[in-house]
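Participant: need the 3D shape of this:
(chains A and B, ligands or ions: 2)
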Amino acid sequence: MATLIIAEHDNSILKPATLNTVAAAVAIGGDVALLVVGEGCQAVADQAAQVAGVSKVLLADNAAYGHQLAENVAPLVAELAKTAGFDYVLAPATTTGKNLLPRVAALLDVGQLSDIVSVESADTFKRPIYAGNAIATVKSLDAIKVITVRGTAFDPVAAEGGSASIEAVTAVHDAALSRFVGEEVAKSDRPELTAARVIISGGRGMGNGENFALLEKVADKLGAAVGASRAAVDAGFVPNDMQVGQTGKIVAPELYIAVGISGAIQHLAGMKDSKVIVAINKDEEAPIFQVADYGLVADLFDAVPELEAKL
Amino acid sequence: MLSMRSAPAGVGLDSNAKRQNSMKVLVTVKRVLDYNVKVRVKADRSDVDLANVKMALNPFCEIAVEEAVRLKEAGVATEVIVVSIGPKAVQEQIRTALALGADRGIHIETENSPESLSVAKLLAKIVADEQPGLVILGKQAIDSDNNQTGPMLAALTGLSQGTFASEVKIEGDEALVTREVDGGLQTLGLKLPAIVTTDLRLNEPRYASLPNIMKAKKKPMEVKTPADLGVELRAHTELLGVEPPAERKGGIKVSSVAELVEKLKNEAKVI
Ligand SMILES: Cc1cc2nc3c(=O)[nH]c(=O)nc-3n(C[C@H](O)[C@H](O)[C@H](O)COP(=O)(O)OP(=O)(O)OC[C@H]3O[C@@H](n4cnc5c(N)ncnc54)[C@H](O)[C@@H]3O)c2cc1C
Ligand SMILES: Nc1ncnc2c1ncn2[C@@H]1O[C@H](COP(=O)(O)O)[C@@H](O)[C@H]1O
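Facilitator: Ligands and ions are numbered 1, 2, ... in the order given. Here you go, the predicted structure:
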């Protein structure tokens, strides 16, 4: 058995989500290869070669792959899966993985299992459906299994200790169907949401974007990431990359502090696997209290500054 | 450079009026449980219990319909065709889309709601028949949470793809699509025809007015079968069972910030 994993990276750094996906592949068993596809990404391949449990790194370094456009990368992955005899193709369930992998699956004429949270056997997996209100056990009937992996469900393998070989892949696919125009990447010194040990999130109750500074002060003291509900994103308080939930980021930190968030099922779907949940809300009936280990019924504009002072 | 939700759709209309004058937009709609409903697992754990549950248009599909209708209103699109796949009941959602402004419907009748790859195969045939300039799908169906069909359709048709769109602009023979990605926003230029999937911020769907609901009843709706389209569907997965998620134990209410901090330090030991 052999698994090909699409490494998540930005041409210079291997993203931690890759390590959780390797863990899923290790649970499946067999050889694990990491595909680093990009432009000027030798450094990523070098990091990938260190990852525990990985036996081979495939490096496809070409201008056509610079922005990992699905139209160019999918044919490469499908070709590798077929010609190099991979039984599994895995990617993290990030926006990159969600964009690419279904295109690969369709080229291979196989289905895809999205967002798996456990490996039951070589062909059977568990995955959440209906915003996590049910967990389905699904058996794949396809010869090549194409799967995205929910990072929070698998403890990452070690980033170091491995010594995989690096092999260059020279095939170039340039479909000329799409081009990269630009990006607005959020810059922050805080930990990434999906990797943070502590998260403090704000909702519509924050009132406006400026008030998120209250949460940032707490975050600074706790080394936390700052998240948000969809309502806060839609209202323009904060950018979309901060959204936690069914259709945003899935997180499971040690501590999740929800401030001015009501606790809609779509939000809970993204954070209810956190180890400890704190809710601060002035409405004692808010559904968020049903999942909170510690609930504080209070006005956030009093409670959050006080919390910051007491930390 | 990145402009966000600023210029109205239809910018650049003059530069390539010809293509746009004949551009059809295809939108897909899935019938799913209403997003406010919390489903429960059946007692025998074979599946979730959808008996007597309120059904609705998948929210992302509603946004897809709205976007298509706006493109038509802006003079960029000439016709909006809405497709749904599933049992007869999905005609209700097609009618909703027609009431929101789509021009005609196609219902592909199947016994159940097929898997994403099967849906994509059926849609690929419709794309071949109708030759739309743009196909807009939801990014994800909120029942399966699959998030697959758009890119699968793009693969099968050999077209460009712009997933998780928060802005779509047609400029010349390109669609400029701003995408909500994990790190922020990314803008791609997609060669038309293109496949786009919607994110929540793309637009705010309108409500159907009563006169438009009445009018929608008279709009044309074609019914086809997979056999009509020459597609043979195959199962790629088997559902072995469904279980409820691990329940969280109810916690406690603390009476003050001081108590909260004390508990987090000494009881939960997380700070
Ligand atoms: C298809 C779909 C997908 C979605 N995906 C997501 C998703 O991924 N993530 C997500 O979060 N949402 C998602 N949503 C939206 C979701 O349904 C809710 O609308 C949203 O989570 C509500 O956000 P909120 O709790 O911040 O706002 P509200 O529900 O408006 O709650 C605000 C809360 O703040 C409290 N509050 C107000 N002022 C104060 C104060 N001064 N002090 C203390 N408390 C105060 C109020 O009591 C209230 O409980 C999705 C919706 C749809 C339809
Ligand atoms: N049975 C269906 N009929 C019509 N459109 C569908 C169907 N299933 C999926 N889609 C479309 O594909 C999108 C993504 O669905 P999925 O990939 O299944 O999460 C949905 O938002 C719909 O626009």
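
Participant: only C-alpha atoms for contact and neighbour calcs from this point on.
Facilitator: OK.

Participant: list the contacts for residue 100?
Facilitator: With no chain named, the answer covers chain A. A:70, A:73, A:74, B:151 (Cα atoms under 8 Å, 6 or more residues apart in numbering or on different chains).

Participant: ah, I was thinking of chain B
Facilitator: B:65, B:66, B:69, B:206, B:207, B:208, B:212, B:213.

Participant: that one and residue B:36: what is the separation?
Facilitator: 21 Å (Cα to Cα, to the nearest Å).

Participant: do residue B:253 as well
Facilitator: In terms of Cα to Cα, residue B:253 sits 26 Å off from residue B:36.

Participant: between these two, point out the one with more neighbours.
Facilitator: Between residue B:253 and residue B:36, residue B:253 has the larger neighbour count (other Cα atoms under 10 Å in any protein chain shown), namely 18 against 10.

Participant: wait, isn't residue B:94 in contact with residue B:80?
Facilitator: No: using Cα atoms under 8 Å, residue B:94 is not in contact with residue B:80; the gap is 11.9 Å.

Participant: who has more neighbours, those two?
Facilitator: Between residue B:94 and residue B:80, counting by other Cα under 10 Å, residue B:94 is the more crowded of the two (28 against 25).

Participant: pretty sure the more buried one sits in a helix.
Facilitator: Yes: according to DSSP: H, G, I helix; E, B strand; the rest coil, residue B:94 belongs to a helix.

Participant: re earlier: kindly present the contacts of residue A:100 as TSV, with separate columns for pLDDT.
Facilitator: Below are those laid out as TSV (pLDDT from 0 to 100):
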residue	pLDDT
A:70	98
A:73	98
A:74	98
B:151	98
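
Participant: out of the residues you listed, who's nearest residue A:162?
Facilitator: Comparing these against residue A:162 with Cα to Cα places residue A:73 closest, at 26.0 Å.

Participant: the closest one: what's it in contact with?
Facilitator: A:37, A:65, A:100, A:173.

Participant: at 10 Å instead, please
Facilitator: Residue A:73 sits next to A:37-38, A:60, A:64-67, A:79, A:100-101, A:103-104, A:172-175 when contact means Cα atoms under 10 Å, 6 or more residues apart in numbering or on different chains.

Participant: quick check: phi and psi at it.
Facilitator: Backbone torsions for residue A:73, taken as degrees, to the nearest 10, come to phi -80, psi -40.

Participant: same question, the one 3 residues further on
Facilitator: Residue A:76 has phi and psi values of phi -60, psi -50 when expressed as degrees, to the nearest 10.

Participant: where does the stretch 201-311 of chain A have low pLDDT?
Facilitator: Applying pLDDT under 70 to the stretch 201-311 of chain A flags no residue at all.

Participant: can you report phi and psi for residue A:174?
Facilitator: According to degrees, to the nearest 10, residue A:174 has phi -130, psi 100.

Participant: gap between it and ligand 2?
Facilitator: 25 Å (Cα to the nearest ligand atom, to the nearest Å).

Participant: could you check the pLDDT of that residue?
Facilitator: As predicted, residue A:174 sits at a pLDDT of 97.

Participant: what parts of the stretch 1-150 of chain B come near ligand 1?
Facilitator: By Cα under 6 Å from any ligand atom, the part of the stretch 1-150 of chain B that sits against ligand 1 consists of B:35, B:59.

Participant: again, only this time at 8 Å
Facilitator: Neighbours of ligand 1 within the stretch 1-150 of chain B, by Cα under 8 Å from any ligand atom: B:35, B:36, B:58, B:59, B:60, B:142.

Participant: going by neighbour count, which of these comes out on top?
Facilitator: Neighbour max across those (other Cα under 10 Å) = residue B:60, 27 neighbours.

Participant: and that one, helix, strand or coil?
Facilitator: Applying three-state DSSP: residue B:60 is helix.

Participant: right, and it touches residue B:143 too?
Facilitator: No: when contacts are counted by Cα atoms under 10 Å, residue B:60 is not listed as touching residue B:143 (11.7 Å).

Participant: mutual contacts of these two, please.
Facilitator: residue B:30.

Participant: just the strands in chain B please.
Facilitator: B:24-28, B:31-33, B:55-57, B:79-86, B:104-109, B:134-138, B:160-171, B:174-181, B:184-191, B:194-198, B:221-224, B:237-243, B:252-254 (DSSP state E).

Participant: closest one to residue B:115 among those strands?
Facilitator: Across these, closest to residue B:115 is strand B:237-243 (Cα to Cα), at 8.4 Å.

Participant: mean confidence score for that closest one?
Facilitator: For strand B:237-243, the per-residue pLDDT averages 97.

Participant: put the alpha carbons of that strand into CSV.
Facilitator: C-alpha atoms of strand B:237-243 as CSV (Å, rounded to 0.1, in the frame of the first residue of the first chain):
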residue,chain,number,x,y,z
THR,B,237,-19.1,4.8,-1.2
GLU,B,238,-21.2,2.8,1.1
LEU,B,239,-22.7,4.3,4.2
LEU,B,240,-22.2,1.7,7.0
GLY,B,241,-23.8,3.7,9.7
VAL,B,242,-24.3,7.0,11.5
GLU,B,243,-23.7,7.9,15.1
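
Participant: state the distance from residue B:255 to ligand 1.
Facilitator: 14 Å.

Participant: and for that residue, the neighbour number?
Facilitator: Residue B:255 has 13 nearby residues by other Cα under 10 Å.

Participant: and for residue A:308?
Facilitator: Around residue A:308 there are 19 residues (other Cα under 10 Å).
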